[in-house]
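*Asks:* turn this into a structure:
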Amino acid sequence: MLALIVGLLLAQVPAGPVWPAGAEPDSAVSDTVFYGGRLVCFLARTDEVVLLDSAWVRHGTMTVYGDSIHYDIKEQRLTATGDVLFVSDDLNVNGTLLRYDLDERKGMMRTARTEIESGFFQADEIWLVEENVINARRSLYTTCEKDHPHYAFHGRRAKLFMDDIVVVEPVVFRIFNIPVLAAPFWLVPVATRRTSGLVPFKFGQAAGLGWYARDLAYYWVINDYADATFYCDVMTKKGIQPRFQGIYIVNPYARGNVNASYINEWDTRTTRYGVNARHSSRFFLDTDLSAAVDVISDARYVPEYGEERIDRLKQETYTWAELTRRIGRAGRVTATAERRDLFLSHYRSTTLPGVAVSFGTRRLPLGLDLSPRLRFDRRLQQFADSTGADTARLETASGRAGAGLGTPDYELGPAGRLRAGWNTSLDAGRDWRNRVPDRDVRRLTNALDLSLTQSLPGGINTRQSVTADQRNDLTGGEPPETRYRGDLSADLTLYRIFPLTALGLDGMLHTVRPRLGVGYEPEVTAREYVGTPRLGEPRSARLSLFVDNGFQARTADSVPLKFDLGNAGLGTGYDLIERRLEPLRASLRTGVPHGRLPFSLGLDATAGFDFDSLDLSRDYRLTTSFGWEYLFGRRPLRVHWVDTTRHDPQRDWRVRLNLNHILLRDNNMLTGALSLYVPGWRFDLNSLGYNFTRGELTDYSVTVWKDLHCWEALVNIERLGSQWKYDFEFRIRQLQDIKVGKSTFRSFLPE
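*Replies:* Numbers count the residues shown, from 1 in each chain. Have a look, this model is predicted:
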């Protein structure tokens, strides 16, 4: 009775800490137990406390809430009943009964429920065996928040590692409490971070595969820098196909990935395999390694077997590796090995080795930059007929020495700014055909470029340039070839601002850039090494004129924004030799972005006008795009537009329309897409179009999506020429790899 009176007196007083016997307060803060409730009863003889109505107990990072809590101070144990909530770090578990040992940090809860990642975990009974580790009996996992979930994974026994993984054995997948699939055990990742575990697989039936279970996989987190996935596809007609996928990223030292697969097909008795891998790493001594492998057993092998047909054919395979060694300031050496196979042309090319030496850039007197380089290649080319028998073999060994010479910009006062560049290379090699020496190759090439630019008052820029290209075949097999060219150009930039205030704008900037150019290339008299230009005999001479117009607008918002309205260009040329005006070329690119108006509009056009025929050139193109989106019943959030990103699919009606029109000389096509969002539904009309040239509709498809709470349903009807195809599936919204559809019942359904 005395304990009850004291409890009533303390009911309105915040509860204080309880110190273990024999311990000073300042030395046992970590063992402090706090508790409270609307009604607190002390049982002094037995060292017990009864907390009633909104009771709670806190010990370290653990807190228990309940309708009533019985706390045994001597044994450091508590029992909570009613609506119980257990909280520890990131763990929150609700239940009806909790027994917990504060010293051991272990306990048991009945009718438990907790939220993990994007789903819910429930169990008739759970045991807190250690911090953030739970053992469960008669448990289930689902992403449906209903008291009676639409689907769930049930397990007789389970172990839950919070923010890690759930291990269940055995596991039964139930829909509306009806068993659908079962497995002896399963691992379900429930972590926000990467974690190891089994991956949901696909189950179905296809004509060429039979009944199949695909992507049976285990995902293994090796460490913070690497992971691997082991796959297995089981197909009753094709066989069993193991696959492997690995990735590692250890920046800045190494990164890469590996994909491999293997199968011995039961129906064709053919062994097939494929390997695709890439690697790059930084070795010691300033050495970098890069490598790639992409090999398959045959051109028709695709590791991802299609349910209806092979989606793609491999045209080539290759293996390539490159090793680069930096040698201080002296430069770098690169060694390359490569093999490439083209299946359709029965061609194989092998490069081994290929060595390139770059000596870096050397600064010379007068500010000149010299860039010498060397390269050696040995290449083997093999050609075969349709049976695979070799019909030709070409082997080439070649070397190249080259150098580039660049100058800084020389300021020449009123004459402007001068820049010069020179590149030369010497190529030497020998070809063998079917292992018999065929020919020797020695070639010397030179390229010289001189340019002079001036910036004149009034925003006028001028440029003069002279280029010379020369190539000599030192074996005498081909005559020397030399070409010279000179160019003059000038451009001017003009600006004007227009006070445009419509459509929420505050001014428009118009920029005009006219450019005028003259190009001249003379005939050349061939000489033994360097040809002589005949300046009075033009090989080509051309006058060009182009005018570019740019338009930019500024908004009238409190914080003005600038955006491009478009660009328009017009240009032509005149052939001074033939005295003929070249076609007039015009281009236009403009658009109104979505945001300033409730729709978007884009226009991209190029065309040419031939003055000889007085007709458009054949390569004209006009592309028009239109987009409109409207959210019914939602008041505009800004002056000119509606923020459709705040669309609520459960309440709002929404429509989206996209149209595209392409006009060419031989093609006139209109295509479009329409999406209608109704609460709980979505209707899509995809790629519907009309070819005006052929007078026929394009292929298109219709998709219907239905919200089924934690599930979703999709139905797709597709038109391909004169054929119609359909598909449907039901899938879990949070676990979209778990689905039931046409592929599951293909044997019982028409195509």
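*Asks:* what sits against S687?
*Replies:* For S687, the contact set (CB atoms under 8 Å, 6 or more residues apart in numbering) comprises 671, 673, 698-701. From N, CA and C alone the C-beta is placed, and that goes for glycine too.
*Asks:* show me which of the residues you listed are buried.
*Replies:* Taking 16 or more other CB atoms under 10 Å as the criterion, what is buried in these is 671, 673, 700-701.
*Asks:* next, format those residues as TSV and append secondary structure and distance to S540.
*Replies:* Listed next are the buried ones among the contacts of S687 as TSV, based on DSSP: H, G, I helix; E, B strand; the rest coil; distance: CB to CB, whole Å:
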residue	secondary structure	distance to S540
T671	strand	42
A673	strand	48
Y700	strand	50
S701	strand	52
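*Asks:* what is D684 paired to in the beta sheet?
*Replies:* S675, T703 (DSSP bridges).
*Asks:* sketch out the low-pLDDT regions of the stretch 451-600 of the chain for me.
*Replies:* Within the stretch 451-600 of the chain, the stretches with pLDDT under 70 are 503, 593-598.
*Asks:* in it, which spans are helices?
*Replies:* Remark: no helices are assigned in the stretch 451-600 of the chain by DSSP state H, counting those that start in this stretch.
*Asks:* Y690 against T698, yeah?
*Replies:* Yes: using CB atoms under 8 Å, Y690 is in contact with T698, at 6.9 Å.
*Asks:* joint contacts of the two?
*Replies:* Taking CB under 8 Å, 6+ apart as the contact rule, Y690 and T698 both touch M669.
*Asks:* got the contact list for the closest residue to T287 other than its chain neighbours?
*Replies:* Nearest non-adjacent residue to T287, counting by CB to CB, 6 or more residues apart in numbering: R325, 4.8 Å away. Going by CB under 8 Å, 6+ apart, R325 touches 285-288, 332-334.
*Asks:* all the strands of the stretch 401-550 of the chain, in order from the start?
*Replies:* With strands called from DSSP state E, counting those that start in this stretch, the stretch 401-550 of the chain shows them at 410-411, 417-433, 436-456, 460-473, 481-492, 494-498, 505-525, 532-555.
*Asks:* in JSON lines: these, plus distance to L720 and mean neighbour count.
*Replies:* Shown next, in JSON lines, are these (distance: least, CB to CB, whole Å; neighbours: other CB atoms under 10 Å):
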{"stretch": "strand 410-411", "distance to L720": "65", "mean neighbour count": "12"}
{"stretch": "strand 417-433", "distance to L720": "49", "mean neighbour count": "16"}
{"stretch": "strand 436-456", "distance to L720": "51", "mean neighbour count": "15"}
{"stretch": "strand 460-473", "distance to L720": "52", "mean neighbour count": "16"}
{"stretch": "strand 481-492", "distance to L720": "52", "mean neighbour count": "17"}
{"stretch": "strand 494-498", "distance to L720": "51", "mean neighbour count": "11"}
{"stretch": "strand 505-525", "distance to L720": "46", "mean neighbour count": "16"}
{"stretch": "strand 532-555", "distance to L720": "43", "mean neighbour count": "15"}
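*Asks:* re the thing from before, what is the nearest of the contacts of S687 to A136?
*Replies:* S701 (44.9 Å; CB to CB).
*Asks:* excluding its backbone neighbours, what's nearest that closest one?
*Replies:* Counting by CB to CB, 6+ apart, the residue nearest S701 is E718, at 4.0 Å.
*Asks:* from M669, how far off is the one you found?
*Replies:* 19 Å (CB to CB, to the nearest Å).
*Asks:* swap in T317?
*Replies:* From T317 across to M669, the span is 37 Å (CB to CB).
*Asks:* who has more neighbours out of those two?
*Replies:* T317 (20 against 16; other CB atoms under 10 Å).
*Asks:* paired strands for the strand or helix carrying that one, with orientation please.
*Replies:* Element membership of T317 [criterion: DSSP states H and E] is strand 316-327. Note on strand 316-327: by DSSP bridges, its sheet partners are strand 287-296 (antiparallel), strand 331-342 (antiparallel).
*Asks:* and the spatially closest residue to Y690 that is not a sequence neighbour, what are its bridge partners?
*Replies:* Among residues not flanking Y690 along the chain, L670 sits closest, at 5.2 Å (CB to CB, 6+ apart). Legend: beta-bridge partners of L670 under DSSP bridges are H661, Y690.
*Asks:* just to check, L670 is in contact with H661?
*Replies:* Yes: using CB under 8 Å, L670 is in contact with H661, at 4.9 Å.
*Asks:* shared neighbours of these two, anything?
*Replies:* Here L670 and H661 have no joint contacts, going by CB under 8 Å, 6+ apart.
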